[in-house]
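Novice: I would like the atomic coordinates for the input below:
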Amino acid sequence: MRLREAVWANPSDLEACRVYADWLLAKGNSQGEYINLRLAATPSPEQERQAAALLKRDRAKWLGDARPFVRAWTNDRVGFVATATCEAQQLIDGYLHVVGLGPRLRLTVTSLKKKKKATVAALCKLALGRFHGLSLSPGLDDQDLAALAPSLAGVRHLELDHNDFTGAGLRAIGAHVAGIRTLSVVSHTFHPDWVDAVIGTPGFASLECVELRAHAADPDAAALERLRAMPAMKRVNPPRFRNQSVPMDPGEG
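Specialist: So this is what the prediction gives:
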């Protein structure tokens, strides 16, 4: 549907969102009412209460056919799915439903170790780069990243925490992710060649925020300065709260 494609291409276009909301309402979908309430310039207390009640009552319905494949999710200000978590097999089975949940969807994929060889092979067949942000863990190694790399083309925000790979894996990723804006790698073991891989691979030249850390060691001051000198870089190893991912997008807050 062209209207939906327009919203997905530019969710900041509020007029397109309003037209999309009216279309949803005409189909009897309460998400349309929620979107209109949330787009009010100065919502009244009653409108705020109505929106909160709709979200609590119907947010699961708004997932539509994707509901069986999603383990957990959050909604953004206007009701689109902002973040979602699913197991690898759920994504494989329900990819076409999950990928359409939100225009700026950030997806966390878990349980990659279950039948890992077959799981990675199946994920390689999906256009994972259609997700705005993607988190893949745990259990991936250099060979897995090399296999997955072509499917990641187009992704803007990538988190590869709690895996065990070297700079070779990052170079494989960097060969396919031109336009990537944030990268997070936090693992038990720090591999010094991560830094060289990020700096020396052209696909990472667009990075604005990077996190390279391990529980026992971090890059030294010289390595951090080399990362800060990258052409588009804004933040290197930003502070994070406990269990919080690196901020996905310096421009999104």
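Novice: Quick check: buried residues in stretch 34-46?
Specialist: Residues 34-39 are the ones in stretch 34-46 that count as buried (16 or more other Cβ atoms under 10 Å). Yep, even glycine has a C-beta here, placed from its N, CA and C like the rest.
Novice: Using PDB, write down the CA coordinates of that stretch.
Specialist: Written as PDB, here are the backbone C-alpha positions of stretch 34-46 (Å, rounded to 0.1, in the frame of the first residue of the first chain):
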ATOM      1  CA  TYR A  34      -4.600   6.400  19.000                       C
ATOM      2  CA  ILE A  35      -2.400   8.000  16.300                       C
ATOM      3  CA  ASN A  36      -4.800  10.900  15.900                       C
ATOM      4  CA  LEU A  37      -4.900  11.400  19.700                       C
ATOM      5  CA  ARG A  38      -1.100  11.300  20.000                       C
ATOM      6  CA  LEU A  39      -0.700  13.800  17.100                       C
ATOM      7  CA  ALA A  40      -2.900  16.400  18.700                       C
ATOM      8  CA  ALA A  41      -0.900  19.600  19.000                       C
ATOM      9  CA  THR A  42      -2.000  20.300  22.600                       C
ATOM     10  CA  PRO A  43      -3.800  17.200  23.800                       C
ATOM     11  CA  SER A  44      -6.300  17.600  26.600                       C
ATOM     12  CA  PRO A  45      -6.100  15.500  29.800                       C
ATOM     13  CA  GLU A  46      -9.100  13.600  28.500                       C
END
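Novice: contact partners of it?
Specialist: For stretch 34-46, contacts defined as Cβ atoms under 8 Å, 6 or more residues apart in numbering pick out 14, 17-18, 20-22, 24-25, 47-48, 50-51, 54-55, 58, 77-79.
Novice: run the last query once more with 7 Å
Specialist: 14, 17-18, 21, 47, 50-51, 54-55, 77-79 (Cβ atoms under 7 Å, 6 or more residues apart in numbering).
Novice: How far away from the center of its chain is that stretch?
Specialist: 27 Å (Cα atoms, centre = their mean, to the nearest Å).
Novice: just the helices in the stretch 1-150 of the chain please.
Specialist: Assigned by DSSP state H, counting those that start in this stretch, the stretch 1-150 of the chain shows helices spanning 2-9, 14-26, 31-38, 45-58, 88-98, 116-123, 142-148.
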